[in-house]
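Chemist: Got a predicted structure here, sequence first:
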Amino acid sequence: MAYTSFLWFFVFFLGTYLLYIVIPKNWKWLVLLLSSWSFYTISVKGHVLPLALVTLGVWGIGLLLQKQNEACKAAVKGKKRDEKKVIKKRYAKKKGWLTAGGVLFSLAFILVLKYGNFFGETFSELLGADYQPVHFIQPLGISFYTMQAISYLVDVNRGRVKACKNPLKLSLFLSFMFTVVEGPIARYSEMEQQLFEPKKLTQRHFYYGTMRILWGLFKTVVIANRVALIADNLFDYYTERGGLAVLFGIMAYTLQLYCDFSGVMDVLSGCTYMMGIELPQNFNHPFFAKTINEFWQRWHITLGGFLRDYVFYSISFSAPMKSLSASARKRLSTYYAAIVPTSVALFFVWFCNGLWHGSGVKYIVYGLYYYVLMMLGMYLEPLAEKLCKVLRINRQSKPYQLFQIVRTFAVVNIGMLIFRADDLKAAVHILLSVTDMKKTVFLFHHPLKALYGDMSPGFSIKEVAIIGLGVLIIFAVSLLSELGKKPLERLYNMKPAVRSAIYMAVLLAIILFGAYSENYDTNQMIYAGF
């Protein structure tokens, strides 16, 4: 069920919202729970057992961890410093085993249901055996609620949050209908008070939330659904495409993915804001990033935060990594001694990043593609700095920063090519086909034919103009936000009559220019597949 569909807005969201604002404060969370489980059950056609089992397992282990935390706190009371260390170490070991068991229990479902066939085929090839794929039902949002479950257990272990005593309340956190399908990957510490101690709603919640919804719909319905035709034409018929049209197709997919994913995040953030709930930010104008590292700090922010806090730090502070760090300090310069352990930990981060996105070799390559580029940047940084000094290049200058932004954008588009292509062979073929000059000439003589082929004969120059204007609007809003102008905030602060007129104009544009015809897949939510 798409978050941009009429069924979502006028049945699930509107029904939930109306009940939420009239139900007494202490019962509002039950409205969210019932709506979330109804939404999820209908979306997955009744296949709710994995989510239910994960919820119960995590709830039980969380309570055991909380019991250990309290026992440890009581045991160290009044003890000397050395005795406290011994006691804490003993309890830390117990909690470590409990947490590991809970994490493995949560991962077991996703490893079997999402990655079972991939692992089976891989090991069968290594052993030279035949493998018959098994038809597993992959529950909707399993990658998202699994990561939230893991973060909850680790945070309880670390004492950052107290375990939730009510299994129904924990169930709401894991199955919350505004995060379970596409994220963001929320932390229990971010959501606990908002879900169970609701705020008093004001006019701002309604009007600002409505504005976020309209902005998200504009990006998804007007832009993403429309540029999808360019991307689909390239990737579905890549053997017939070539020249500069390929570059347009790759950039179209990047734009489609951004508008689809960030647009849905805007819609969901607007919906929850109307109920006084603020979801964690998932995008921060990523195409203004100057480096790959910065790009991933702006793109799918909650995924990056999860991998940093629960993978990178866990590996970095492990005993083997401490040993490696000590060894590197003895043998290498200060700079390289610091980045060698980091590069090892980052390998696992990017491997997990790729594997999280899908069960296949191309997804692992997709993650490691960014890893290799980041490592090259880190290891070659001293050389790059010296080279810039020799050439008298000011790395803080605007032209150089613009070069960095363009370079990063190009690198990201190649990553998106790997992500979208059917396989690695297709990705290489598409990238090499850019040099086909005959098809580049054909592009200039027959632009619509080159970009769209025969798959949508009704596509006209008007569609191209809508895309162009839409991209300019998104760029202008992003640029103003990047410069600290806060255009959406300024819009909210306008006079009510002016603000309402703009709202109606945006709504009319969505209705008039939204891609609702038979040529468009209005139900496609790319990240719902993860």
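Modeler: Yep, it's here. Quick caveat, the model's predicted, so the values are computed rather than measured.
Chemist: can you pull the pLDDT of Phe287?
Modeler: pLDDT for Phe287: 96.
Chemist: Next, find the distance separating the spatially closest residue to it that is not a sequence neighbour from Ser327.
Modeler: Nearest non-adjacent residue to Phe287, counting by Cβ to Cβ, 6 or more residues apart in numbering: Phe409, 5.9 Å away. Any C-beta I mention is one placed from the backbone N, CA and C, and that applies to glycine too. Here Phe409 is placed at a distance of 38 Å from Ser327 (Cβ to Cβ, to the nearest Å).
Chemist: Which of these two has more residues huddled nearby?
Modeler: Phe409 (16 against 13; other Cβ atoms under 10 Å).
Chemist: C-terminal to whichever helix or strand that one is part of, what's the next element?
Modeler: Using DSSP states H and E, the element containing Phe409 is helix 398-420. Next in sequence after helix 398-420, counting helices and strands by DSSP H and E, comes helix 424-432.
Chemist: Go through that next one and flag the buried ones.
Modeler: Within helix 424-432, the residues that qualify as buried are 426-427, 429-431, counting by 16 or more other Cβ atoms under 10 Å.
Chemist: again, but for stretch 200-216
Modeler: Buried residues in stretch 200-216, defined by neighbour count with 16+ other Cβ under 10 Å: 205, 207-216.
Chemist: can you map out the helices along the stretch 101-250 of the chain?
Modeler: 116-127, 142-157, 167-175, 188-196, 203-217, 225-236, 244-273 (DSSP state H, counting those that start in this stretch).
Chemist: How about the stretch 301-450 of the chain?
Modeler: With DSSP H, counting those that start in this stretch as the criterion, the stretch 301-450 of the chain has helices spanning 301-307, 313-316, 319-331, 334-357, 361-379, 381-390, 398-420, 424-432, 437-445, 447-452.
Chemist: closest to Phe9 out of those helices?
Modeler: Closest approach to Phe9 among the helices of the stretch 301-450 of the chain (Cβ to Cβ): helix 301-307, 23.9 Å.
Chemist: what does the closest one rub up against?
Modeler: The contact list for helix 301-307, computed with Cβ atoms under 8 Å, 6 or more residues apart in numbering, reads 147, 151, 183-186, 280-284, 296-297, 349, 352-353, 356.
Chemist: Are any of the residues you listed buried, and if so which?
Modeler: Buried among the contacts of helix 301-307 by 16+ other Cβ under 10 Å: 147, 151, 183-186, 280, 282-284, 296-297, 349, 352-353, 356.
Chemist: Of those, which pair is most distant in space?
Modeler: So, those by Cβ to Cβ: farthest apart are Asn284 and Cys352, at 21.9 Å.
Chemist: List phi and psi for Phe283.
Modeler: phi -140, psi 140 (degrees, to the nearest 10).
Chemist: Leaving aside the residues adjacent along the chain, what's closest to it?
Modeler: Nearest to Phe283 is Ser262, by Cβ to Cβ, 6+ apart, at 4.3 Å.
Chemist: Please report the distance of that neighbour from Thr146.
Modeler: Distance from Ser262 to Thr146, by Cβ to Cβ: 23 Å.
Chemist: tell me the contacts of the residue nearest in space to the middle of the chain?
Modeler: Residue closest to the average C-alpha location in the chain (Cα atoms, centre = their mean): His300, at 3.5 Å. By Cβ under 8 Å, 6+ apart, the contact set of His300 is 183, 261, 282-283.
Chemist: What about Asp390, how many residues nearby?
Modeler: To be clear, residue 390 is Val; Asp isn't right here. 8.
Chemist: Please apply the same query to Tyr310.
Modeler: There are 19 residues near Tyr310, going by other Cβ under 10 Å.
Chemist: Next up, the contacts around it.
Modeler: 150-151, 154.
Chemist: What lies in contact with the helix or strand hosting Ile511?
Modeler: Using DSSP H and E, Ile511 sits within helix 496-513. With contacts defined as Cβ under 8 Å, 6+ apart, helix 496-513 is touched by 207, 210-211, 214-215, 217-218, 221-222, 466, 491-492, 494.
Chemist: for stretch 470-478, same thing?
Modeler: If you take Cβ under 8 Å, 6+ apart as the criterion, stretch 470-478 is touched by 215, 218-219, 222-223, 226, 255, 259, 285, 287-288, 487-488.
Chemist: What's the ChimeraX line that selects buried ones from the residues you listed?
Modeler: In ChimeraX, a selection of the buried entries from the contacts of stretch 470-478 looks like this (16+ other Cβ under 10 Å):
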select :215,218,219,222,223,226,255,259,285,287,288,488
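Chemist: Which residue is the nearest non-sequential neighbour of His285?
Modeler: Ser478 is the one closest to His285 (Cβ to Cβ, 6+ apart), at 4.6 Å.
Chemist: how many neighbours does the one you found have?
Modeler: 18.
Chemist: Kindly report the same for Ser318.
Modeler: Look at Ser318: counted by other Cβ under 10 Å, it has 12 neighbours.
Chemist: Ranking helices and strands of this protein by mean pLDDT, which lands last?
Modeler: Across the helices and strands of the chain, mean pLDDT, DSSP states H and E gives its lowest value to helix 447-452, namely a mean of 72.
Chemist: Give the next helix or strand downstream of that one.
Modeler: On the C-terminal side of helix 447-452, the closest following helix or strand by DSSP H and E is helix 461-482.
Chemist: what about that next one, distance to the chain center?
Modeler: Distance of helix 461-482 from the chain centroid (Cα atoms, centre = their mean, to the nearest Å) equals 23 Å.
Chemist: Distance to Lys438 and pLDDT added to the buried residues of stretch 200-216, as TSV?
Modeler: TSV is the format used below for the buried residues of stretch 200-216 (distance: Cβ to Cβ, whole Å; pLDDT from 0 to 100):
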residue	distance to Lys438	pLDDT
His205	57	93
Tyr207	54	90
Tyr208	52	91
Gly209	51	94
Thr210	50	92
Met211	48	92
Arg212	46	93
Ile213	46	94
Leu214	44	93
Trp215	42	94
Gly216	41	94
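Chemist: In the chain, where is pLDDT below threshold?
Modeler: The model of the chain has pLDDT under 70 over residues 1, 445, 454-459, 515-530.
Chemist: I figured Gln194 hits Ile277, correct?
Modeler: Yes. Under the criterion of Cβ atoms under 8 Å, Gln194 makes contact with Ile277 at 4.7 Å.
Chemist: Among the two, which residue is more densely surrounded?
Modeler: Higher neighbour count among Gln194 and Ile277: Ile277, with 21 against 17, using other Cβ under 10 Å.
Chemist: about what we covered before: contacts for the helix holding Phe409, please.
Modeler: Under Cβ under 8 Å, 6+ apart, the answer for helix 398-420 is 231, 235, 250-251, 253-254, 257, 286-292, 294-295, 357, 362-363, 365-366, 369-370, 373, 393-394, 424, 427, 430-431.
Chemist: From these, keep the buried residues only.
Modeler: The neighbour count (16+ other Cβ under 10 Å) marks 231, 235, 250-251, 253-254, 257, 286-292, 294-295, 357, 362-363, 365-366, 369-370, 373, 427, 430-431 as buried among those.
Chemist: to the chain's geometric centre, what's the distance from stretch 11-24?
Modeler: Averaged C-alpha coordinates place stretch 11-24 at 27 Å from its chain's average position (Cα atoms, centre = their mean).
Chemist: Ok, stretch 147-154 next?
Modeler: Distance, centroid of stretch 147-154 to centroid of chain: 16 Å (Cα atoms, centre = their mean).
Chemist: Need the CA coordinates for it. CSV is fine.
Modeler: C-alpha atoms of stretch 147-154 as CSV (Å, rounded to 0.1, in the frame of the first residue of the first chain):
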residue,chain,number,x,y,z
MET,A,147,17.3,-2.8,12.9
GLN,A,148,15.0,-1.0,15.4
ALA,A,149,14.8,-4.2,17.5
ILE,A,150,18.6,-4.5,17.5
SER,A,151,19.1,-0.9,18.4
TYR,A,152,16.6,-1.3,21.3
LEU,A,153,18.4,-4.3,22.8
VAL,A,154,21.8,-2.7,22.5
